[in-house]
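> Show me how the following folds:
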Amino acid sequence: MPPSAEAASVESTIRVALGIIRPGAANIRGDADLSQEADLDSAEVMDLVMEIEDRLDLSISVETMAKARTIDELCAGIVQMKQATP
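Residues are numbered from 1 along each chain as shown. Prediction:
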């Protein structure tokens, strides 16, 4: 099943933000562990979150971040948050 337009847009935003935080990591697989494959430390993860939040004009919950180990999981969590917001 192809991803929704919203999911594709969110994934693109995540990848752009990741490329800013860790150039060269924007093309990692969607199911790759962000901290390992992108070699992100905790400060860089927070920078990534802030970059995504700024670009999407939303606040990513701690719960969403805690559950998201991969780009795919982060994307799904953000899409779910956006759909739950009126």
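
> Where do the helices of the protein begin and end?
5-21, 34-37, 42-56, 62-67, 71-84 (DSSP state H).

> tally of neighbours for Arg22?
Residues lying near Arg22 (other CB atoms under 10 Å) number 19. Every C-beta, even on glycine, is put in place using the N, C-alpha and C of the backbone.

> Setting aside sequence neighbours, what's the nearest residue to it?
Ala38 (5.1 Å; CB to CB, 6 or more residues apart in numbering).

> can you count the residues close to that neighbour?
20.

> pLDDT score assigned to it?
pLDDT recorded at Ala38 is 90.

> What residues does it make contact with?
Residues in contact with Ala38, defined by CB atoms under 8 Å, 6 or more residues apart in numbering, are Leu18, Arg22, Ala25, Ile28, Ala32.

> so where is the protein shaky, pLDDT-wise?
1-3, 86 (pLDDT under 70).

> hang on, the earlier thing: now restrict the contacts of Ala38 to buried residues only.
Buried subset of the contacts of Ala38 (neighbour count, 16 or more other CB atoms under 10 Å): Leu18, Arg22, Ala25, Ile28.

> My read is that the last one contacts Asp39, right?
No - in this structure Ile28 lies outside contact range of Asp39 using CB atoms under 8 Å: 10.0 Å.

> Widest-spaced pair of the contacts of Ala38?
Arg22 and Ala32 (12.4 Å; CB to CB).

> number of nearby residues for Asp39?
12.

> so what's Ser59 closest to, chain neighbours aside?
Glu53 (5.9 Å).

> how close does that neighbour get to Ile28?
21 Å (CB to CB, to the nearest Å).

> before we move on, what about Val45?
14 Å.

> List the buried residues in stretch 55-70.
Buried residues in stretch 55-70 (16+ other CB under 10 Å): Leu56, Ile60, Thr64, Met65, Ala68, Thr70.

> can you check stretch 5-14 too?
Buried, per 16+ other CB under 10 Å, within stretch 5-14: Ala7, Val10, Glu11, Thr13, Ile14.
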